[in-house]
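Colleague: what's the 3D shape of this:
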Amino acid sequence: MPQLVPDYLNVDYTTIINRLKTQLKLSDTFVDYNFEGSNIAILTELLAYIGELNVFYLNKVAQNLFIETADVYETVNKLARAQGYEPQGPISARGTVTVSASGIEPNHEYRLFEFTQMTSTEEVNDESIQYANVIQYTVQPSGGFVEFDIDVFQGKVVTLTGYTGKDLIDNELLLPDSYSYDNNLEDDFPTCILTVNGSTWERVADFYDDLSAVRTIDEVYMFVYDRYRRGKIVFNSARNVPGRDDEIEIKVLESLGAAGGVGAGTITVLPSLFLYDLTSATWVDNDNIWIYNDNATFGAANAESIDAIKQSARARLHSQFRNVTAVDYKSDLERRSDVVVANAWGEQEISPSGTIGEFNRVHLSVIPLDWGPETINYESDIMISEWGSSGLIMVPSGYSPDFEETLKLHIEPRKMIAAYEVMELPELVYFTFTLGVRKKRLYNFDEITTDLKNKLEYYFRSDNQTFNSIIDFNNILEYILDTTNVSDDDAFKNVSGIRNMNLRDIDVSVTVNEPNNSNLYPQYVESSSTYIGENQLRKIKLGFNQFPVLSAETIEINEEV
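Modeller: Next up is the predicted model:
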């Protein structure tokens with residue numbers, strides 16, 4: 001008898017043919033039969049082909065029953081939503097544009113309407129990258145000149161009209177394209193505006209998370225990214241749903257995702273109508289208006305990949321809508337678009353033997369997307385003397401009270417009753433290196449140096465690092481020399497021209513401590529500098545609020561022969 005339940009990994013085309021031939025040879029008719037070129041050989045090959053296809057499809061179905069093993073986007077998206085996580089679509093780049101206008105009337109009121117289109121001089125696929133403000137701005141200058149900053153988001157402004165409640169299928173409205181997802185619903189910059197009969201409805205992240213006896217707003221909707229990679233508007237019968245004759249209008253941004261970021265000084269092109277004089281009911285002449293972005297835009301991202309959805313869904317499932325563990329706090333804070341990396345720690349990490357002063361206290365530290373008075377203030381004129389004149393570092397000096405309050409309000413709905421949170425200021429630990437490089441004969445040393453520095457910067461980029469990490473310098477060297485480790489927009493191709501490379505010197509901006517042996521509070525007391533007489537690259541363990549940063553300006557790369 002043939003094996004009825006074979007190992008599915010071994011049931012391939014060739015194996016099935018051989019098994020069929022072996023089985024046929026057990027009969028008297030085919031005991032000495034030459035199968036090559038015979039009619040029955042065609043039948044065995046056909047059966048083997050069908051068998052291999054069936055095994056492949058059955059294996060694929062079994063593989064995609066569970067999110068851990070699924071590899072089809074549609075399945076991963078659906079399973080993640082079943083766990084309570086909404087996969088994110090493309091996210092538009094964000095930036096700040098300065099608007100300057102001269103020759104205007106003093107004390108007149110001027111308005112920049114929401115969703116006003118602006119254009120960058122940079123292009124993607126021969127089309128200019130467009131930006132727009134999503135809220136209106138009103139200014140009243142006292143003189144003949146005015147200057148103010150506006151927040152802009154990448155995307156072509158699209159207004160979808162002509163929909164009514166009759167177009168809803170199971171309370172859902174499928175949009176014709178994928179639009180800017182906007183992963184932060186708590187800020188004041190909505191990139192999707194929906195109105196029903198002219199009345200603006202509120203976008204929510206979850207229909208039931210916001211549902212309570214005291215809540216009175218039921219005109220809400222969800223904007224989701226479905227399993228077919230399309231934007232979709234979803235209503236719910238637990239709240240209000242537009243009636244059959246209600247008119248629905250949607251204003252969104254058609255996003256380029258990660259490709260929509262632009263450099264500084266590129267958002268400069270005005271639309272034909274830009275700034276409106278409310279007092280005189282006239283448009284200001286564009287010849288008197290200039291727009292300019294001092295900094296590059298940031299935050300652009302493509303729709304979440306399969307791996308990203310799996311990781312986010314797992315973090316959401318672990319939290320169970322309560323911040324219990326350090327992972328819960330970390331994933332909850334990192335959901336915010338203004339937080340790149342977060343860390344949480346408490347009594348068990350600080351003092352495994354226990355200390356009364358740490359009971360129920362949760363320490364939190366974050367790296368913001370933008371440093372400054374709106375998030376974390378810092379000093380930037382601090383110099384590390386042994387690094388030379390260019391050895392400037394940024395030292396955080398304090399949380400903005402509004403930012404700290406915003407973070408605490410963000411975690412409040414998932415708060416455990418007995419716990420209280422303390423915001424700890426992050427400590428940036430700057431690293432700089434002196435590297436000795438021997439190059440291959442056909443490569444240019446300057447090009448190698450450029451790509452080597454770029455790859456180091458990418459390695460130390462904020463979204464690639466974590467708090468409390470172990471800095472292993474051998475791993476850094478291996479990472480640089482491994483040509484398969486590349487970024488989304490840079491292959492660092494000239495790194496392959498390195499014949500060999502050595503770390504000649506390492507400097508760190510602060511005293512880095514290592515764990516003591518007693519596991520008592522405080523845990524980090526022994527300086528790594530106490531280890532002497534060793535000729536090795538010792539790993540460095542950062543503290544809970546310490547975050548690694550590269551001092552790119554002070555890297556020294558020398559050509560060796």
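Colleague: Output the longest helix belonging to this protein.
Modeller: The helix that spans the most residues within the chain, counting by DSSP state H, is helix 39-63.
Colleague: Next, the buried residues of that one.
Modeller: For helix 39-63, a neighbour-count test (16 or more other Cβ atoms under 10 Å) marks 41, 44, 48, 51-52, 55 as buried. Glycine gets a C-beta too; all of them are placed from N, C-alpha and C.
Colleague: Can you name the residues in contact with it?
Modeller: Contacts with helix 39-63, where a contact means Cβ atoms under 8 Å, 6 or more residues apart in numbering, come from 8, 11-14, 16-17, 20-21, 24, 30, 33, 35, 69-72.
Colleague: 7 Å instead, please
Modeller: Outside of helix 39-63, the residues within contact range by Cβ atoms under 7 Å, 6 or more residues apart in numbering are 8, 11-13, 16-17, 20-21, 35, 69-71.
Colleague: Among those, which lie within strands?
Modeller: Using DSSP state E, no member of the contacts of helix 39-63 falls in strands.
Colleague: Show me the two of these that sit farthest apart.
Modeller: 35 and 70 (40.0 Å; Cβ to Cβ).
Colleague: Got the domain ranges for the chain?
Modeller: Split into domains by automatic domain parsing, the chain comes to 8-63, 94-155+259-292, 157-254, 306-423, 428-559.
Colleague: Check these for me: which has the lowest mean pLDDT.
Modeller: Mean pLDDT is lowest for domain 8-63 among the domains of the chain, at a mean of 78.
Colleague: Outside of the next helix or strand along the chain from the longest helix of the chain itself, which residues are in contact with it?
Modeller: Reading on from helix 39-63 to the C-terminus, the next helix or strand found by DSSP states H and E is helix 73-82. Residues from elsewhere that reach helix 73-82, judged by Cβ under 7 Å, 6+ apart: 64, 67, 70, 87, 226-228, 306, 309-310, 313.
Colleague: Can you select the buried ones from the contacts of helix 39-63 in ChimeraX?
Modeller: Restricted to buried positions by 16+ other Cβ under 10 Å, the ChimeraX selection for the contacts of helix 39-63 reads:
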select :11,16,17,20,35,70
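Colleague: Let's have the contacts of helix 39-63 in TSV, adding distance to residue 456.
Modeller: Shown next, in TSV, are the contacts of helix 39-63 (distance: Cβ to Cβ, whole Å):
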residue	distance to residue 456
8	45
11	48
12	45
13	48
16	52
17	54
20	58
21	59
35	61
69	36
70	36
71	33
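Colleague: Report the beta-bridge partner residues of the closest residue to residue 176 other than its chain neighbours.
Modeller: Leaving aside its sequence neighbours, residue 176 sits nearest to residue 160 (Cβ to Cβ, 6 or more residues apart in numbering; 7.5 Å). Counting by DSSP bridges, residue 160 is bridged to residue 250.
Colleague: And residue 160, how close does it get to residue 95?
Modeller: Separation of residue 160 from residue 95 (Cβ to Cβ, to the nearest Å): 25 Å.
Colleague: which one of those two has more residues nearby?
Modeller: More crowded of residue 160 and residue 95, by other Cβ atoms under 10 Å: residue 95, with 25 against 18.
Colleague: ok, back up a step: I'd like the domains of the chain as JSON lines, with distance to residue 78 appended.
Modeller: As requested, these are exported to JSON lines (distance: least, Cβ to Cβ, whole Å):
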{"stretch": "domain 8-63", "distance to residue 78": "14"}
{"stretch": "domain 94-155+259-292", "distance to residue 78": "27"}
{"stretch": "domain 157-254", "distance to residue 78": "5"}
{"stretch": "domain 306-423", "distance to residue 78": "10"}
{"stretch": "domain 428-559", "distance to residue 78": "26"}
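Colleague: Quick one: closest of those to residue 300.
Modeller: Closest approach to residue 300 among these is made by domain 94-155+259-292 (4.5 Å; Cβ to Cβ).
Colleague: From the chain's centroid, how far away is that closest one?
Modeller: Here domain 94-155+259-292 is found 28 Å from its chain centre; the criterion is Cα atoms, centre = their mean, to the nearest Å.
Colleague: Okay, helices next: where are they in this protein?
Modeller: Ranges of helices within the chain are 13-24, 39-63, 73-82, 306-319, 326-333, 347-350, 401-411, 445-459, 473-481, based on DSSP H.
Colleague: Among those, which comes closest to residue 298?
Modeller: For residue 298, the closest of these is helix 445-459, at 15.4 Å, according to Cβ to Cβ.
Colleague: picking that back up, in contact with the residue nearest to residue 176: list those residues for me.
Modeller: Counting by Cβ under 7 Å, 6+ apart, residue 160 has contacts 175, 249-250.
Colleague: From residue 273, how far out is it?
Modeller: 22 Å.
Colleague: likewise residue 545?
Modeller: When residue 545 is compared with residue 273 (using Cβ to Cβ), they lie 50 Å apart.
Colleague: Name the residue in these two with the higher neighbour count.
Modeller: residue 545 (20 against 11).
Colleague: Touching, that one and residue 424? I think so.
Modeller: Yes - Residue 545 lies in contact with residue 424 (Cβ atoms under 7 Å); the separation is 4.7 Å.
Colleague: can you list residues touching both of the two?
Modeller: residue 365.
Colleague: any idea where the strands of the stretch 351-500 of the chain begin and end?
Modeller: 361-368, 376-383, 392-399, 420-423, 427-439, 470-471, 498-508 (DSSP state E, counting those that start in this stretch).
Colleague: Could you check how far stretch 355-368 is from the centre of its chain?
Modeller: 25 Å.
Colleague: Name the residues that touch that stretch?
Modeller: Here stretch 355-368 has contacts from 329, 333, 338-347, 350-351, 375-376, 407, 418-424, 426, 462, 467, 521, 544-545, 547, using Cβ under 7 Å, 6+ apart.
Colleague: just stretch 279-298 next, same as before
Modeller: 93-104, 108-110, 118, 154, 261-268, 270, 273-277, 369.
Colleague: which parts of that stretch are buried?
Modeller: Neighbour-count burial for stretch 279-298 flags 284, 289, 291, 293, 297 (criterion: 16+ other Cβ under 10 Å).
Colleague: Equivalent analysis for stretch 139-151, please.
Modeller: 139, 141, 146, 150-151.
Colleague: same question, stretch 473-483
Modeller: For stretch 473-483, using 16+ other Cβ under 10 Å, the buried residues are 473, 476-477, 480.
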